[in-house]
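Asker: got a sequence here, can you model it:
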Amino acid sequence: MASKRNAFRNQPIEAEKQKPNFAKKGAFGLVSEAVARVYKNAIAYIEKSQNGWYYYGERDDLPNQIIEHINNSGTATIAINKLKQFIEADGFADEATGNAMANKDQTWNEVLSEIVENQCKLNGFALKEFFNYENKIVETKVVPIPWIRKRNDNFRVNRLMGEMSKMENHTITYRAYNGDLDKYQRREIIKQEQKEHSQQLGEIFYCFRTKLGRNYDLYPVPDFYAGIEDIISDGAISQLEASNILQGWRAQVVVATGVIDDQNEDDDGKTPKDYFDENLEQFCGADAARVLHLQASTPEEMAKVTVLDNKEIIDMTEKSTIRVGEKVCRLAGVPPILCGFKTAGTLGNVQELKNTMDLFYISIINIQNYITYKLNSLKPNLLNGENLDFTISKLNPFSLLPDSILSRLTDQEVRLLFEIPKVQTEIDELGQPITAIDTEADTTNSVLRDLTGRQIQGFQRIIRKFNQDQFTYEQAAVLLKSSYGFTDEEVDIFLVTKEEEEEEDAIN
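Answerer: The predicted model follows:
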């Protein structure tokens, strides 16, 4: 048994050809070959091949499969994009670093975007480093994780790695990044590569956090892979719903018959069973007929048709969409509320929402710090590295809560989420708050004059995030009114949209 399994692993393409054909297409649906392939590949199997390189999954296509499953799941796609949005934030906090060129075509902010894409989907990223004769890194490019396989201490790179259409003569072997070489050693390597390949190949800087497990120190395996079946199920639910829509929510039926002759053919080479199947096929599919016509020689031979109620299937689909979708969000490490799932428990308990978002923020910071740490390790060899600051900017996790959620929260709940203290208003002799304002200038001065230093910081943070498009007008207005007691007129003074600025500039 073991020898057969090893033979299968070492010859993935041949094994693929030898697999039994599980799929049987026809009027009665199909049992998908893909299902068997998915669950067989669900073990993150990593082992060294006879050729010295390591298989990334049982068929050496694990990262390709993971990305395909994410792309086929609408919920997983949204969740991963939310995760990417928070990790990448506004790029590097230092604008000069973000705008500096990492290579001839990309700034460091653009490189960061690709790094985060790989990190979110596969929990790792890889960079290709190019050097000058002084052993300084002059260019940095991202190499997608699915393109790379390890071979001893080197890396094999092919953009079609793991695909059936891969051409082996397009595979290039790269050295692993070595920052300890001196400039003389680097010069010899560059000259040798230019002699053999007419160009410098560069070195691969492969970054991921290793895990416990057999050979999990060789390739990154994302945490959500443990629940990959839920991500697959989310995509399957969408396909089921699309199928029902295309078929006009046609009722399901059971056709009961006696034995139908499948032996005696007529002049056209068809048996009664062939004609029966053709009638059924005309009733199946998106463009199928809405009337099923079955014929029989005698009343006794007439098929019995039983119509099944679709309501239960429709209800199950709706419930499964929510249940599986929320599971997919949690697998991706993203609060379901950020992906549009609104649960009574979350909205009814602001402290629960705050705790959930705080935990999410901690995980975001953790990932950002790891990326920063790995990039900082390159700085001693980076050309002008002393001028670069790879600290990534931060997004408040509450800034992307839907407007519909914020509008349902009380003033106290909004202040709790955004940690903005309540304004202490003055009270007159009758115990009423003093809010009389005569002019726009008086409004501005009065509002700002009454704020404490911490409150002004909170106020400025709201305005800044609005100007950076991190808050919508509605979100910023809710915060200003609930946290500082602003009226609609006062909100209009401080929240100036880009359109209003352009109109004012045109007038002036």
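Asker: in what helix or strand does Gln192 lie?
Answerer: helix 183-197 (DSSP states H and E).
Asker: got the contact list for that helix?
Answerer: Phe131, Tyr133, Glu134, Asn135, Arg175, Leu181, Gln199, Gln200, Leu201 (C-beta atoms under 8 Å, 6 or more residues apart in numbering). (C-beta placed from N, C-alpha, C; glycine too.)
Asker: most neighbours of all those, which one?
Answerer: In terms of neighbour count, Phe131 stands highest of those at 21 neighbours, by other C-beta atoms under 10 Å.
Asker: quick one, what contacts it?
Answerer: Phe131 touches Ile137, Val138, Arg186, Ile190, Gln200, Gly202, Glu203, Asn381, counting by C-beta under 8 Å, 6+ apart.
Asker: what two of those are the furthest from one another?
Answerer: Using C-beta to C-beta, the contacts of Phe131 reach their maximum pairwise distance at Gln200 and Asn381, which is 14.9 Å.
Asker: mind listing the strands for the stretch 151-300 of the chain?
Answerer: Here the stretch 151-300 of the chain has its strands, by DSSP state E, counting those that start in this stretch, at 154-157, 172-176, 203-208, 252-256.
Asker: now for the last one, which elements pack on it?
Answerer: Meaning strand 252-256. Here strand 252-256 touches strand 304-308, going by 3 or more C-beta pairs under 8 Å, 6 or more residues apart in numbering; DSSP states H and E.
Asker: also the second one?
Answerer: Counting contacts by 3+ C-beta pairs under 8 Å, 6+ apart, strand 172-176 packs against strand 154-157, strand 203-208.
Asker: so which of the ones you listed is the most surrounded?
Answerer: strand 203-208 (a mean of 22; mean count of other C-beta atoms under 10 Å).
Asker: out of the strands of the stretch 151-300 of the chain, which gets the lowest mean score?
Answerer: Among the strands of the stretch 151-300 of the chain, strand 252-256 carries the lowest mean pLDDT, a mean of 73.
Asker: CA atoms only: put that one into CSV for me.
Answerer: The C-alpha coordinates for strand 252-256 follow below in CSV (Å, rounded to 0.1, in the frame of the first residue of the first chain):
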residue,chain,number,x,y,z
GLN,A,252,-38.1,18.4,-8.7
VAL,A,253,-39.9,15.3,-9.8
VAL,A,254,-39.6,11.5,-9.3
VAL,A,255,-40.5,9.4,-12.3
ALA,A,256,-41.4,5.8,-11.5
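Asker: quick one: strands adjacent to that strand?
Answerer: Next to strand 252-256 in the sheet, as set by DSSP bridges, lie strand 304-308 (antiparallel).
Asker: show me the domain layout of this protein.
Answerer: According to automatic domain parsing, the chain comprises the domains 1-59, 250-309, 402-508.
Asker: if I look at the residue nearest to Glu265 when sequence neighbours are not counted, how far off is Asp262?
Answerer: Leaving aside its sequence neighbours, Glu265 sits nearest to Thr271 (C-beta to C-beta, 6 or more residues apart in numbering; 5.4 Å). The gap separating Thr271 from Asp262 is 5 Å, by C-beta to C-beta, to the nearest Å.
Asker: more neighbours: those two, which one.
Answerer: Thr271 (15 against 12).
Asker: who's in contact with the more buried one?
Answerer: So Thr271 contacts Asp261, Asp262, Gln263, Asn264, Glu265 (C-beta under 8 Å, 6+ apart).
Asker: just give me the closest of those to Asp277.
Answerer: Nearest to Asp277 among the contacts of Thr271, with distances taken as C-beta to C-beta, is Asp262, at 9.4 Å.
Asker: surely that closest one meets Lys270?
Answerer: No: shown here, Asp262 and Lys270 do not form a contact pair, counting by C-beta atoms under 8 Å, at 10.1 Å.
Asker: three-state assignment of Phe130?
Answerer: Secondary structure state of Phe130, per DSSP: H, G, I helix; E, B strand; the rest coil, is strand.
Asker: partners of it in the sheet?
Answerer: Going by DSSP bridges, Phe130 forms beta bridges with Glu139.
Asker: so what's it up against?
Answerer: So Phe130 contacts Asn103, Ile137, Val138, Glu139, Thr140, Lys141, Gln200, Gly202 (C-beta under 8 Å, 6+ apart).
Asker: go ahead and confirm the first one touches Lys141.
Answerer: Same thing as Asn103. Yes: counting by C-beta under 8 Å, Asn103 touches Lys141, with 5.3 Å between them.
Asker: common neighbours of these two, please.
Answerer: Common neighbours of Asn103 and Lys141 (C-beta under 8 Å, 6+ apart) are Val111, Phe130.
Asker: where does this structure have low pLDDT?
Answerer: Along the chain, the model assigns pLDDT under 70 to residues 1-43, 238-252, 283-301, 307-319, 342-351, 396-458, 482-483, 498, 500-508.
Asker: C-alpha coordinates for stretch 475-493, PDB please?
Answerer: Output in PDB follows, covering the C-alpha atoms of stretch 475-493 (Å, rounded to 0.1, in the frame of the first residue of the first chain):
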ATOM      1  CA  GLN A 475     -20.100  57.800   9.300                       C
ATOM      2  CA  ALA A 476     -18.200  61.000  10.200                       C
ATOM      3  CA  ALA A 477     -21.500  62.900  10.800                       C
ATOM      4  CA  VAL A 478     -22.800  60.200  13.100                       C
ATOM      5  CA  LEU A 479     -19.600  60.400  15.200                       C
ATOM      6  CA  LEU A 480     -19.500  64.200  15.400                       C
ATOM      7  CA  LYS A 481     -23.200  64.400  16.300                       C
ATOM      8  CA  SER A 482     -23.200  61.600  18.800                       C
ATOM      9  CA  SER A 483     -19.800  62.200  20.400                       C
ATOM     10  CA  TYR A 484     -19.700  66.000  20.400                       C
ATOM     11  CA  GLY A 485     -23.300  67.100  20.200                       C
ATOM     12  CA  PHE A 486     -22.900  68.700  16.800                       C
ATOM     13  CA  THR A 487     -26.000  69.900  14.900                       C
ATOM     14  CA  ASP A 488     -26.400  69.200  11.200                       C
ATOM     15  CA  GLU A 489     -25.300  72.800  10.500                       C
ATOM     16  CA  GLU A 490     -22.100  72.300  12.500                       C
ATOM     17  CA  VAL A 491     -21.300  69.100  10.800                       C
ATOM     18  CA  ASP A 492     -21.500  70.800   7.400                       C
ATOM     19  CA  ILE A 493     -19.000  73.400   8.600                       C
END
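Asker: report the buried residues of that stretch.
Answerer: For stretch 475-493, burial by neighbour count (16 or more other C-beta atoms under 10 Å) applies to 475-486, 490-491.
Asker: sort out for me which of these are in strands.
Answerer: Judged by DSSP state E, strands contain none of these.
Asker: circling back: now the buried members of the contacts of Thr271.
Answerer: For the contacts of Thr271, buried by 16+ other C-beta under 10 Å: none.
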